[in-house]
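Enquirer: Here you go, sequence then predicted model.
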Amino acid sequence: MTLAQLIAQLRGQMATKLEQRNTHASELATLRSAETVDEEKVSELRAAKDAIDTELDVLESRVAELLVEQARDDAADRLSREVHPTGAARPAYDEVARTGSEERTYAPHKERGFDQSRGVLRAGSKAGGQFERDVAGMFFHDPQAIERIQRHMAEERVERGEWLARAAGTGAFAGLTVPQYLTDLYAPATAALRPFADACNQHELPASGMTVNISRITTATSVANQASENTAVSETNIDDTLLTINVQTGAGQQTLSRQALERGTGVEPVVLDDLFRRYATNVDSTLLNQATTGLAASSTYVPYVSAAPKGVEYYPITLQALSNVEGAMLDMASGDNLVIMHSRRWYWLQNGLSSTWPLMAQPGIAAQMFASNNAVKYNQGVRGVLPNGTPVIVDNNVTTAALAAATTGGTQDQTYVVDQKECHLWEDPSAPLFIRAEQPSAASLGVLLVVYGYYAYTFSRYAQSQVIAGTGCVTPAFTGV
C-alpha cells in the first residue's frame, strides 16, 4: 500500500469516527434538554465521546506523520530528476581534497523561491533560507537539520578550509551570523495563579444548569423543659432558606495571524500557557474579591488598628478571628481552619523578633516559635503554621487596597480566617476548555484561540468567615518587630 493510499484510508477512518462523535453529541444535547436528565446515560455518552476524541487524536497524529514523510519523498523524487551544472571553478588537484560529484547541501536551486525555468531566485525570495531554518532546527534537536549542518561544515572544510582557518571574528560576518532565540527559556508573564482556590473544598460542577441551589435551615426546631405534667411541650416549626449560587464563566481569547502560527516557533503553546495562567488567576481573584459573594464581601470585619503595627499585636487579632469562626460554626465546625494572607504580610510576620512566648503549648509547635515555615514556594500549598497550629495560605490575589467601607482605605492588605470545609468551589473537571477557531477570521488569515471554563462557589452556607483589616495592615515595614 502506498503512502497516499494509507493516508486516504486513515482519513476515511477519521470521517467514520467524526460521524459517531456527532451522533453522541446530538444524543447528549437531547438528554440534557429533557426535563429529567438520565445522568447514567449522559455519563456513558460523554465517556464514549471522550474515547472517540482520543482515537481521533491518534489518527490525526498518524496522518500528520505520513504527510511529512510523503512531502519528503516527493522532494527527494524531484531532486533526483534535476541536473544542474555548478559552473564553479574547481581548486587545483594537489591543493585540497574534493567532494567528488556530490552537489552541495545548500545550493540556490534548492531554495523554495528558485525559478527552475529561468535558473534564478524569484523576486522577493531570500537566499539561504533553508540554512537559517536548519540552524534554528539544531536548537530544537531536529536530527535532519543537525545532519545537514554537519554535512555543510564538512564541505566547507574541504573546499574553503584556508578561509575557515583565518582569524576573522563574527563581526566580519554580520549578515551571516544568525541570531539565536532560546525559545525553551522564554520568560512567561508572572501570574498570581490560584493558591486559595486549590485549598477550597472541591466539588464537581453539575453537567447542566447555570445555578446551584443549597437548602439552609434558618429556623431551627426547639426543645425546652416541660412546665408541668400534661402541658404542651416546646414546638417551633423548622424552616429553610434557599441559597442560590450562580455558575460563572471565566474566558479569554487571542487572535493570532496564521503567519505567526505557521512560521513562528512555539507560538501557540506559549499563548495557550498564558491564557491558562490568566484563567487560574481570574478564578482565584473572583473567589477573594468579587462584590457581594467574594470572601472579602461575605466575611465579618475584625479590626486591627495600630499606628505602629507589630507581629506580636497581629497574632492575637488572628486568634480573635479564629474564635469568631468557631463561635459561628459551633458543632458544625470542622476544625480545619485556614488563614489566607498576602505574601508581604507573611514575610512581615517572619521578620518579627520577640522574647515574649505564648503561654500555652501547642502540639508539634515549640513555645518560643512565633510560627513555623514549611519552606515551600508560592502556589505550592500551605506555606506555614501559626503558633496555634493553623495553616497559612499565601495568595497575592489578596487585595492591598482594602475595603473603604471597612477600613480607612489606603494600601492595606487583608487577612482572611475561614473554616476550610465551608469554602465550597464547584468546577467542571475538564476546565479550562480550549477552542481553536479558524473560520471566523479566515479572510484575514487569523486563528482565534479561546479558553473558557464554568465554576461556582460560596462561603455563605454559614456566616463564619472573618476578615482582618485596618490601619495595622498598612504596607509593612521590615523593622524586626
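Expert: Sure, I can see it. Numbering: from 1, shown residues only.
Enquirer: contacting residues around stretch 133-141?
Expert: For stretch 133-141, the external contacting residues (Cβ atoms under 8 Å, 6 or more residues apart in numbering) are 142, 144-146, 148-149, 178, 180-184, 265. Glycine gets a C-beta too; all of them are placed from N, C-alpha and C.
Enquirer: change it to 6 Å
Expert: By Cβ atoms under 6 Å, 6 or more residues apart in numbering, the residues outside stretch 133-141 that reach it are 145, 146, 148, 149, 178.
Enquirer: same deal with stretch 277-289?
Expert: In contact with stretch 277-289 (Cβ under 6 Å, 6+ apart) are residues 191-194, 196-197, 250, 252, 294-296, 397, 399, 432, 451, 455, 457.
Enquirer: Mark which of the residues you listed are buried, thanks.
Expert: 191-194, 196-197, 250, 294-296, 397, 399, 432, 451, 455, 457 (16 or more other Cβ atoms under 10 Å).
Enquirer: Kindly reformat the contacts of stretch 133-141 as a markdown table containing neighbour count, secondary structure and distance to residue 416.
Expert: Shown next, in a markdown table, are the contacts of stretch 133-141 (neighbours: other Cβ atoms under 10 Å; DSSP: H, G, I helix; E, B strand; the rest coil; distance: Cβ to Cβ, whole Å):
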| residue | neighbour count | secondary structure | distance to residue 416 |
| --- | --- | --- | --- |
| 145 | 19 | helix | 53 |
| 146 | 15 | helix | 54 |
| 148 | 20 | helix | 59 |
| 149 | 18 | helix | 57 |
| 178 | 11 | coil | 53 |
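Enquirer: Low-confidence stretches in the stretch 151-300 of the chain?
Expert: The stretch 151-300 of the chain contains residues with pLDDT under 70 at 160-177.
Enquirer: follow-up on the earlier one: among the contacts of stretch 277-289, which are in strands?
Expert: 250, 252, 451, 455, 457 (DSSP state E).
Enquirer: Leaving aside the residues adjacent along the chain, what's closest to the last one?
Expert: Just to be clear, that refers to residue 457. Nearest non-adjacent residue to residue 457, counting by Cβ to Cβ, 6 or more residues apart in numbering: residue 425, 4.7 Å away.
Enquirer: Verify the contact between the one you found and residue 196 for me.
Expert: No. Assessed by Cβ atoms under 6 Å, residue 425 is found out of contact with residue 196, at 9.3 Å.
Enquirer: is it possible to export the contacts of stretch 133-141 to CSV including distance to residue 413?
Expert: Below are the contacts of stretch 133-141 laid out as CSV (distance: Cβ to Cβ, whole Å):
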residue, distance to residue 413
145, 51
146, 52
148, 57
149, 54
178, 48
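Enquirer: Please enumerate the strands of the stretch 251-400 of the chain.
Expert: 300-303, 337-341, 372-373, 384-385, 391-394 (DSSP state E, counting those that start in this stretch).
Enquirer: so what does the longest one touch, helix or strand wise?
Expert: It stands for strand 337-341. Here strand 337-341 touches strand 391-394, strand 415-419, going by 3 or more Cβ pairs under 6 Å, 6 or more residues apart in numbering; DSSP states H and E.
Enquirer: The last one pairs with which strands, parallel or anti?
Expert: Looking at strand 415-419 with DSSP bridges, its partner strands are strand 337-341 (antiparallel), strand 466-469 (antiparallel).
Enquirer: out of the ones you listed, nearest to residue 235?
Expert: Ranking the strands paired with strand 415-419 by proximity to residue 235 (Cβ to Cβ) places strand 466-469 first, at 34.8 Å.
Enquirer: now that closest one, how far from the centre of its chain.
Expert: 29 Å (Cα atoms, centre = their mean, to the nearest Å).
Enquirer: Need the CA coordinates for it. CSV is fine.
Expert: What follows is strand 466-469 as a C-alpha-only set of coordinates in CSV (Å, rounded to 0.1, in the frame of the first residue of the first chain):
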residue,chain,number,x,y,z
GLN,A,466,-13.6,36.6,59.1
VAL,A,467,-11.5,39.4,57.5
ILE,A,468,-8.8,41.2,59.4
ALA,A,469,-8.2,44.7,58.1
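Enquirer: Touching that strand from outside, list them.
Expert: By Cβ under 6 Å, 6+ apart, the residues outside strand 466-469 that reach it are 296, 299-302, 304, 317, 321, 324-325, 402, 406-407, 412, 414-417.
Enquirer: hmm, 10 Å instead?
Expert: 295-305, 314, 317-318, 320-325, 328, 339-341, 345, 399, 402-403, 406-408, 412-418 (Cβ atoms under 10 Å, 6 or more residues apart in numbering).
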